[in-house]
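Participant: sharing a model that was predicted from the sequence below.
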Amino acid sequence: MGRTNTRRAPAAGAAIGGAVIAWRAWKKFEVARRNRLLPRDCHVVILGAGFAGLNTARGLARLLPGDGRKRITLVDEKNFLLFTPMLTEVAGGELDARHIAAPPRQISPHIAFEQGRVTNIDLASRSVTLNVEPGVERSISADHLVIALGSVANYHGIAGIPEHSLAMKTVADAVEIRNRVLAALERAAAENDPERRRDILTFVVAGGGFTGVETMAAINDLARESAKNYPSIAAGEINTYLVEPGKRLLTELNGKLAGFAQRKLEEHGVRVMLNTRLTRAGDGFVELEGGRRIGTRLMIWAGGVKPNPLLEKLPCPKGKHGGIAVDACCAVPGYAGVWALGDCAEVPKPKGDGTYAPTAQNATREGELVARNVVAVLCGQAPRPFAFHTIGELALVGRHAGVGEIYGHQFSGLLAWAMWRAVYLSKIPGMGQRSRILLDWILDCVFGRSIAELPVG
């Protein structure tokens, strides 16, 4: 019996291997066959190198002819692709800021990268004006134009918030937050006035969504662990507040997981303030609904986003959140060859059930769809509508603690934390960046966080 199984195993393995090779060959044949129908001089311009723009560019690089001509131009103000889900780990001192930024020029040999700030978009002619340096502009024209310009912080008109808070949108934001936390410990160690000392060691995060919760978890751990290096600072002197106007944290997750997240934060010393609105911020304080003030030298705003302000000048219809109102295929109505997706677009759900949320998961899948739809239109075929059900969500709520829901299955604690790291590490573009991040995590585990402020500017 054993000999029969031994003989069959190589044959089965060979059959599976042959099937895989045949499938790959068929896929290559299909791509080559389709490419014969494509116009040879088509130029696709993608504005924005976030999740939506990056995945559109990657998809097109696979689908368009690979004959050496660069038909895809990816445009961004920065010459790096920022992996935003890991910004909070930079703020918490667990990752080097450089390691979550990947060079777009190394994505694919079929993609041309253009660095510049978009100052004007002509939808009718599908042309874009870029500011490449002070006083120098240039224009790019496209056969297909993809708008994926992302979002900016939405302060909801609250007085003083833009001037007296930091956001969590860029590498500079994350590095500044980390430096401010460490600088606060240095100042507090030398401060004898109890009131000033309390304000210096008070940190406030506004917004109880994923960004707010993960940011608070990161800076709370950073402050409390780093304080061990300052003998004059007691752990009880550090005050961290997470302010959320809603009834609970993490509304994207079910109530049980949100409750677990809140308990973990509170176990680590965070004061969670639900049903509480910020009404004003000033120099050294934030004011809550009802007039209560909290003295603080560091307030972080994670209370929502809105589409890039450049869209306000465009003549196309906008949705109720200010994004470009596209059809189900992510095409801009009335402007052939123009597409919009990601945080700057409002993509309708099937059966009129609202629009898709501005999440990285949705932006990634929208990018893949737009790439296929551009190729379909070039081949004279009809584009397909976007339809996607969220796979799940994961969030960090402290050192070695997380919460998550994947395909309806719930996870919490160390397992969810490990899943968060494994999932997001797999999504980092390039083995070089993944290796650097993995090494950062190992060094943090062995030696702990550095308490040196990072040089900026």
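Facilitator: Right, received. Where do you want to start?

Participant: where along the protein do the helices fall?
Facilitator: Remark: helices assigned in the chain by DSSP state H are 2-35, 51-63, 87-91, 161-164, 171-189, 194-200, 210-226, 255-267, 360-378, 414-427, 431-447.

Participant: so, low pLDDT: which residues of the stretch 1-150 of the chain?
Facilitator: 1-18, 20, 23-40, 66-69 (pLDDT under 70).

Participant: rerun at 50
Facilitator: 1-4, 6 (pLDDT under 50).

Participant: spatially central residue in the chain, please.
Facilitator: Centroid check for the chain by C-alpha atoms, centre = their mean gives Thr84 as the closest residue, at 3.7 Å.

Participant: doesn't Ala363 make contact with it?
Facilitator: No: applying C-beta atoms under 8 Å as the test, Thr84 and Ala363 come out as separate, 10.5 Å apart. (C-beta placed from N, C-alpha, C; glycine too.)

Participant: let me see the contact set for Asn362.
Facilitator: Counting by C-beta atoms under 8 Å, 6 or more residues apart in numbering, Asn362 makes contact with Gly342, Val347, Tyr356, Phe388, Thr390.

Participant: coming back round to it: overlap in contacts of Thr84 and Ala363?
Facilitator: Joint contacts of Thr84 and Ala363 (C-beta under 8 Å, 6+ apart) are Gly50.

Participant: number of residues surrounding Ala49?
Facilitator: Residues within reach of Ala49, counting by other C-beta atoms under 10 Å, total 26.

Participant: and for the one 5 residues further on?
Facilitator: The local packing count at Leu54 equals 26, with neighbours defined by other C-beta under 10 Å.

Participant: would you check that Leu185 makes contact with Ile233?
Facilitator: Yes: counting by C-beta under 8 Å, Leu185 touches Ile233, with 6.5 Å between them.

Participant: between those two, which contacts overlap?
Facilitator: Leu201, Ala227.

Participant: okay, now the domains of this protein?
Facilitator: Taking automatic domain parsing as the reference, the chain has its domains at 22-77+116-153+306-378, 163-303.

Participant: mind checking which of those is nearest Leu95?
Facilitator: Nearest to Leu95 among these is domain 163-303; the distance by C-beta to C-beta comes to 9.0 Å.

Participant: ends of that closest one, how far apart?
Facilitator: Using C-alpha to C-alpha, to the nearest Å, the end-to-end distance of domain 163-303 comes to 15 Å.

Participant: for it, what is the average pLDDT?
Facilitator: Domain 163-303 shows a mean pLDDT of 95.

Participant: residues in contact with the residue nearest to Leu274 when sequence neighbours are not counted?
Facilitator: The shortest distance from Leu274 to any non-neighbouring residue, by C-beta to C-beta, 6 or more residues apart in numbering, is to Glu244 (5.4 Å). Under the criterion of C-beta under 8 Å, 6+ apart, the neighbours of Glu244 are Gly207, Gly208, Gly212, Val272, Met273, Leu274, Asn275, Thr276.

Participant: sorry, back to before: in CSV: the helices of the chain, plus distance to Pro309.
Facilitator: Converted to CSV, the helices of the chain look like this (distance: least, C-beta to C-beta, whole Å):
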stretch, distance to Pro309
helix 2-35, 38
helix 51-63, 17
helix 87-91, 21
helix 161-164, 13
helix 171-189, 18
helix 194-200, 33
helix 210-226, 20
helix 255-267, 32
helix 360-378, 19
helix 414-427, 28
helix 431-447, 30
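
Participant: so which of the ones you listed is nearest Ala281?
Facilitator: helix 161-164 (4.3 Å).

Participant: give me the buried positions along that closest one.
Facilitator: Ile161, His164 (16 or more other C-beta atoms under 10 Å).

Participant: and it, what does it pack onto?
Facilitator: Judged by 3 or more C-beta pairs under 8 Å, 6 or more residues apart in numbering; DSSP states H and E, the packing partners of helix 161-164 are strand 278-282.

Participant: among the contacts of Glu244, who's most crowded?
Facilitator: Within the contacts of Glu244, most neighbours by other C-beta under 10 Å means Gly208, with 29 neighbours.

Participant: residue contacts, that residue?
Facilitator: Gly208 sits next to Leu242, Val243, Glu244, Gly246, Arg248, Leu249, Leu250, Val272, Leu274 when contact means C-beta under 8 Å, 6+ apart.

Participant: can you check Leu298 too?
Facilitator: By C-beta under 8 Å, 6+ apart, Leu298 lies in contact with Leu166, Ile177, Arg180, Val181, Ala184, Thr202, Phe203, Val204.

Participant: wait, Ala159 sits on Ala281?
Facilitator: Yes: Ala159 is within contact range of Ala281, at 7.4 Å (criterion: C-beta under 8 Å).

Participant: neighbour count: these two, which is higher?
Facilitator: Set side by side, Ala159 and Ala281 show more neighbours around Ala281, with 24 against 14, by other C-beta under 10 Å.

Participant: and the residue lying closest to the more buried one once chain neighbours are set aside, how far is that from Asn120?
Facilitator: In this structure, Ala281 finds its nearest non-sequential neighbour in Gly160, 3.8 Å apart by C-beta to C-beta, 6+ apart. For Gly160, the distance to Asn120 equals 32 Å [C-beta to C-beta, to the nearest Å].

Participant: which of those two has more neighbours?
Facilitator: Neighbour totals were compared for Gly160 and Asn120, and Gly160 leads with 18 against 14 (other C-beta under 10 Å).

Participant: and that one, what pLDDT?
Facilitator: pLDDT, Gly160: 97.

Participant: ok, Cys379 next?
Facilitator: Value listed for Cys379 in the pLDDT field: 88.

Participant: for burial, what's the neighbour tally of it?
Facilitator: 13.

Participant: distance of it from Leu64?
Facilitator: Relative to Leu64, and taking C-beta to C-beta, Cys379 is found at 11 Å.

Participant: run a quick check on Cys330 versus Gly367, I expect a contact.
Facilitator: No: with contact defined as C-beta under 8 Å, Cys330 does not reach Gly367; the gap is 9.2 Å.

Participant: turn the domains of the chain into a markdown table, columns for distance to Leu439.
Facilitator: Formatted as a markdown table, the domains of the chain follow (distance: least, C-beta to C-beta, whole Å):
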| stretch | distance to Leu439 |
| --- | --- |
| domain 22-77+116-153+306-378 | 24 |
| domain 163-303 | 19 |
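
Participant: Gly398: which of those domains is closest?
Facilitator: Closest to Gly398 of the domains of the chain, according to C-beta to C-beta: domain 163-303, at 4.9 Å.

Participant: can you give the distance of that closest one from its chain's centre?
Facilitator: Remark: domain 163-303 is offset 21 Å from the chain centroid, using C-alpha atoms, centre = their mean, to the nearest Å.

Participant: I appreciate the help and will end here.
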